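Participant: Predicted coordinates and the sequence they were generated for:
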2 protein chains.
Amino acid sequence: MTPPAAGLTIGQVASATGLSVHTLRFYEREGLFLHAPTRTAGGHRVYSPDDLQWLQLCNRLRDTGMPLAQIKEFADLIRTRPDDYSGRLQMLREHEAAVIAKQLALAENLEAIRHKIAIYEEHQRTGATAGIYTDGRQGGVA
Amino acid sequence: MTPPAAGLTIGQVASATGLSVHTLRFYEREGLFLHAPTRTAGGHRVYSPDDLQWLQLCNRLRDTGMPLAQIKEFADLIRTRPDDYSGRLQMLREHEAAVIAKQLALAENLEAIRHKIAIYEEHQRTGATAGIYTDGRQGGVA
DNA sequence: CTAGAAACTAGAGCTTGCTCTAGGTCAATA
DNA sequence: TATTGACCTAGAGCAAGCTCTAGTTTCTAG
């Protein structure tokens, strides 16, 4: 029995996902998993490849700024309404918009940082003497 | 003397920067300011427009993921080596690279999220029946 | 069969970045 | 001048997201 079922240990899942084993157990306690992992006779967790995929999605959501509480909500929707996609779609679409906003803000801030770098390079080149405040009123403090 | 010096209250700085007055005092304690604000006779803080600009830069750095401790380091460089730009340039260039990496990761994750949305839309359209795990081994759990 | 690595549970602890409380003082306005 | 809103200090508290400890048990390789 169980011929193709690749069972993964928590350690294997940890290295595959970049999460620590502590974090995996923590996520489980927090209800982020779609279901509790199965266990060996001795009580060790056994994960499936699907669990891995789910964790990879979780990582993407978290890395784009979704709080764990919201990821849990998402997991709850999957568990309680497996064939109603509307709630999940709404969440993902809202999150998509949030990520786009984040991209815009990031690009804008990057631009400002580059501008600062250019100013510093210029000051360095021209040997500008600086006080704490270098260039007064119009943009470019310190 | 001090004819054009527009002095700002902490409340004005708060609304101009989006930081709370609590946070401004907290930043001050943490050494994020280039210098302590001057005070009125009664002990109220008075900020300059330059302080505002500095805070706006701080916000950009923080919003792009620079930890406060690093912003403080940056402030320390300005205070201790006002006319040596090399350290600051190094910090900003490294941070620029970090932000670019963040942009790439964000774009990649956004792509994956959009793909997930597309899969859900498809499932919804075709009325796909789902278990907890919807589409098995190749990409697209839940 | 045994040693060492890896897993287990329950719960405490940590870091970052705020945020709020208490008990006042200061300042602008009616 | 009296009130009311803004400000002050010192320090406690909080939320998120891990991270680690202690003491024990299981698993695996030699």
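Facilitator: On my side now, so go ahead.
Participant: quick one: the strands in chain A?
Facilitator: Using DSSP state E, the strands found in chain A span residues A:38-39, A:45-46.
Participant: So which of these is the most surrounded?
Facilitator: Across the strands of chain A, the average number of neighbours (mean count of other CB atoms under 10 Å in any protein chain shown) peaks for strand A:45-46, which reaches a mean of 18. Using the backbone N, CA and C atoms, a C-beta is placed for each residue, glycine as well.
Participant: and that strand, is it in reach of chain B?
Facilitator: No: contact of strand A:45-46 with chain B (CB under 8 Å from any CB of the partner chain) is absent, the minimum separation being 15.5 Å.
Participant: how much space between the residue nearest to A:A105 when sequence neighbours are not counted and A:A107?
Facilitator: Excluding the flanking residues, the one nearest A:A105 by CB to CB, 6 or more residues apart in numbering or on different chains is B:D63, at 6.4 Å. Shown here: B:D63 relative to A:A107, a distance of 12 Å by CB to CB, to the nearest Å.
Participant: neighbour-wise, which of the two wins?
Facilitator: B:D63 (14 against 11; other CB atoms under 10 Å in any protein chain shown).
Participant: if I pick the more buried one, what's in contact with it?
Facilitator: A:A105, A:L106, A:N109 (CB atoms under 8 Å, 6 or more residues apart in numbering or on different chains).
Participant: per the record, what domains does chain A have?
Facilitator: As assigned by automatic domain parsing, chain A contains the domains A:1-83, A:85-132.
Participant: now those domains as JSON lines including mean pLDDT and distance to B:Y47?
Facilitator: Shown next, in JSON lines, are the domains of chain A (pLDDT from 0 to 100; distance: least, CB to CB, whole Å):
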{"stretch": "domain A:1-83", "mean pLDDT": "94", "distance to B:Y47": "31"}
{"stretch": "domain A:85-132", "mean pLDDT": "93", "distance to B:Y47": "14"}
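Participant: Just send the ones you listed back as TSV, with distance to B:H95 too.
Facilitator: Shown next, in TSV, are the domains of chain A (distance: least, CB to CB, whole Å):
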stretch	distance to B:H95
domain A:1-83	19
domain A:85-132	7
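Participant: so which of those comes closest to B:G87?
Facilitator: Closest of these to B:G87 is domain A:85-132, at 10.2 Å (criterion: CB to CB).
Participant: for DNA strand C, what are the nearby residues on chain A?
Facilitator: Residues of chain A lying close to DNA strand C by CB under 7 Å from any atom of the strand are A:T9, A:I10, A:G11, A:Q12, A:A14, A:V21, A:H22, A:R25, A:G43, A:H44, A:R45.
Participant: 6 Å - rerun?
Facilitator: Within chain A, the positions adjacent to DNA strand C are A:T9, A:I10, A:G11, A:V21, A:R25, A:G43, A:H44, A:R45 by CB under 6 Å from any atom of the strand.
Participant: I'd like those residues as JSON lines, with distance to DNA strand D appended.
Facilitator: Formatted as JSON lines, the residues of chain A next to DNA strand C follow (distance: CB to the nearest atom of the strand, whole Å):
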{"residue": "A:T9", "distance to DNA strand D": "7"}
{"residue": "A:I10", "distance to DNA strand D": "11"}
{"residue": "A:G11", "distance to DNA strand D": "10"}
{"residue": "A:V21", "distance to DNA strand D": "9"}
{"residue": "A:R25", "distance to DNA strand D": "7"}
{"residue": "A:G43", "distance to DNA strand D": "5"}
{"residue": "A:H44", "distance to DNA strand D": "5"}
{"residue": "A:R45", "distance to DNA strand D": "10"}
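Participant: closest one to B:Q124 among the domains of chain A?
Facilitator: Taking the domains of chain A one by one with CB to CB, domain A:85-132 is closest: 4.5 Å.
Participant: For A:G87, which non-adjacent residue is closest in space?
Facilitator: In space, A:G87 is closest to A:L77, 4.6 Å off (CB to CB, 6+ apart).
Participant: returning to what we had before: now go through the contacts of B:D63 and say which are in helices.
Facilitator: A:A105, A:L106, A:N109 (DSSP state H).
Participant: Switch those over to JSON lines; also include neighbour count.
Facilitator: Formatted as JSON lines, the ones in helices among the contacts of B:D63 follow (neighbours: other CB atoms under 10 Å in any protein chain shown):
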{"residue": "A:A105", "neighbour count": "13"}
{"residue": "A:L106", "neighbour count": "18"}
{"residue": "A:N109", "neighbour count": "19"}
